[in-house]
Each structure stands twice: as structure tokens, then as C-alpha cells.
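Undergrad: when you get a sec, could you give me coordinates for this:
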Amino acid sequence: MRKLPFLNGIRAFEAAARAESFAKAAGELNVTPAAISRLVQLLEQRLGVPLFERRANRLILTAAGRAYQAGLTQIFDQLANLTAQVTAMASSRVLTVGVGPTFAARWLIPRLADFQKQAPDLEVRFATGGVTVPYNDDWTCGIRLGDGEWPGFAAERLFAADLTPVCAPAVAKRLKSPQDLRNATLLRVAHASGEWPAWFKAVGLSKIRVNGPEFEYYGQALQAAADGVGVAMGISPYMDEDLRAKRLVAPFAHTVSKGEHWHLIYRDARKDEPALVAFRAWIMRVAGKKK
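TA: Numbers count the residues shown, from 1 in each chain. Just a heads-up that it's a prediction; the model follows:
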């Protein structure tokens with residue numbers, strides 16, 4: 001069981017320490033200066049250590065008092081912020097989705113109009129997310145690629161991430177078999193260096209160097225592929241719209257699972273928030289059509 005200290009005394013002490021005055025602390029907490037002084041005395045007795053040096057018309061923190069006040073003020077600030085956040089959840093009509101830039105541009109934004117038809121009163125905001133960016137608790141939810149194991153989060157699977165080489169139609173004409181990739185410009189994504197080797201292993205190829213231009217995001221590599229720069233390793237759903245529109249083609253039938261799935265993730269404490277309820281229902285329905 002958590003053993004909490006004398007909370008009324010702590011509140012009185014923290015206010016007095018910030019204000020360096022029992023009178024000012026009394027004004028902040030709407031009690032008398034005598035009440036503040038008595039609460040602090042009781043706290044000192046329970047702690048067994050003096051927190052103030054009491055001088056005429058002045059309070060001076062002891063070393064113990066300075067250490068205690070520094071930590072308590074931070075805790076109270078965090079508590080105030082958390083309280084405001086939880087209070088706002090019940091009526092929030094703002095949906096903030098933490099999502100990688102490529103997923104947002106290539107999958108979520110093209111479907112945003114459909115979501116807004118389902119929830120026209122929600123204000124939608126996108127925040128930069130992705131595998132390299134920590135989850136921000138100001139977000140309503142996030143979309144992440146992984147194994148579904150994120151401690152502290154509920155994770156609901158959306159769809160798989162499959163890999164296959166893609167390129168412009170003109171480039172594809174020169175690729176009759178996977179062996180032809182030995183002489184092709186193979187585009188790279190900085191944080192996904194293992195994808196080309198995994199695909200080569202699956203089709204029985206080895207000793208192929210991947211030394212084409214390197215990009216920070218999948219979307220940049222796919223755009224370069226569509227412009228004829230080289231062959232990119234496409235990942236679903238990033239490449240799906242380009243394949244349908246024939247801006248890109250998959251020259252080979254070989255598709256390899258990345259071994260991970262896209263997930264909707266969120267803190268369990270937010271599961272009943274109206275914005276999340278609406279977005280979750282929509283994205284699970286839309287993702288189900290892709291499976």
C-alpha cells in the first residue's frame with residue numbers, strides 16, 4: 001500500500017516555500033496565516049526535520065526545505081496538468097493522431113474526407129510520429145508499425161505490412177526476373193536497411209549490393225521510383241494507391257511479409273473519449289476492407 005505523507009501540510013509548505021511567506025500562502029489557499037504556520041509545523045514534526053528558519057518577517061528554507069520544495073512544486077505542476085488533461089477528455093472534440101508523415105500522406109489523408117463525413121463535428125489534427133518519435137500523451141492516439149507490444153498502450157491491429165519491389169513502368173520493362181535487379185539502381189530508406197536483404201533471401205538471391213540513393217522516408221523513395229530514378233522497396237499500404245493508378249508497377253509477383261503490422265495505439269485511460277471512439281470505429285472499419 002502506498003504510504004502518503006501529511007498532504008494538507010505538504011500543500012501549505014509548498015505554497016509558503018514558493019511565496020517565502022505564510023501570509024501569501026494563506027491568500028493563495030484561502031486560509032489564515034496561522035493555519036498555514038500550524039500545518040507546516042505539524043509537517044515538520046511528522047518528518048522529523050525543520051523545513052524553514054523562522055526569522056522576523058522572513059522565512060528561509062533549510063537545505064531539507066529547498067530539496068523538498070523543488071520536488072513538490074514539480075509534482076504539483078504535473079498534477080495540475082494531468083487534471084486539466086483528464087477533465088478535457090470528457091468533452092473533447094479534438095482528435096490528434098500521432099502518425100508518420102508517409103502514412104499520413106499516402107493512406108490517412110486520402111481517406112480523411114470519408115472520416116469527416118462520419119464525424120463532422122471533430123477537429124482533426126496530425127502530429128509528426130513514427131517509429132523514431134516518442135509517443136506524446138497530448139495525442140488522442142497513434143498509428144504505429146510493430147509487433148503490437150508497446151507497454152502502457154492498447155494496440156489494435158489494422159493490417160499487415162508486405163514488401164515488394166516497385167518502379168516506374170518504363171523501368172519495369174527492363175526487369176524480366178529478380179536477377180535483373182543486380183544491374184538496377186536500388187533505392188534505400190535510412191531506417192529500413194534490412195528490407196532489401198530480406199526480400200532477396202526470400203527469392204533466393206544473394207550478394208546484391210543496395211547502394212542507390214538513400215532517403216529519410218518511404219514516401220520520398222516511392223516518389224523517386226515513380227520518377228524513374230530506380231527501384232524502391234514498396235511497403236503496404238504506402239504503395240497501394242500508386243499501384244492502382246499505375247504510377248508504379250510491381251515487376252515481380254514475389255511479396256514478403258515485413259513481419260510486423262500497423263496498429264492503432266492509445267492509452268487505456270482515453271478509450272472512452274468521444275474523439276477516439278469515433279476514430280477507432282472508422283479506422284477499424286476501413287482497415288477491415290483492406291484485409
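Undergrad: is it true that Val171 touches Asp227?
TA: No: in this structure Val171 lies outside contact range of Asp227 using C-beta atoms under 8 Å: 10.1 Å. C-beta: built from backbone N, CA, C; applies to glycine.
Undergrad: more neighbours: the two, which one.
TA: The neighbour comparison of Val171 against Asp227 (other C-beta atoms under 10 Å) goes to Val171, with 20 against 10.
Undergrad: hey, where'd the helices end up in the chain?
TA: All helices of the chain, identified by DSSP state H, fall at 7-19, 22-29, 33-47, 63-89, 101-103, 112-118, 169-172, 195-202, 218-226, 240-245, 274-290.
Undergrad: let me have these in JSON lines, extended by distance to Tyr266.
TA: Listed next are these as JSON lines, based on distance: least, C-beta to C-beta, whole Å:
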{"stretch": "helix 7-19", "distance to Tyr266": "31"}
{"stretch": "helix 22-29", "distance to Tyr266": "36"}
{"stretch": "helix 33-47", "distance to Tyr266": "39"}
{"stretch": "helix 63-89", "distance to Tyr266": "12"}
{"stretch": "helix 101-103", "distance to Tyr266": "16"}
{"stretch": "helix 112-118", "distance to Tyr266": "16"}
{"stretch": "helix 169-172", "distance to Tyr266": "40"}
{"stretch": "helix 195-202", "distance to Tyr266": "28"}
{"stretch": "helix 218-226", "distance to Tyr266": "24"}
{"stretch": "helix 240-245", "distance to Tyr266": "25"}
{"stretch": "helix 274-290", "distance to Tyr266": "6"}
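Undergrad: per-stretch mean pLDDT over those, give me the minimum one.
TA: Lowest mean pLDDT of the helices of the chain: helix 63-89, a mean of 80.
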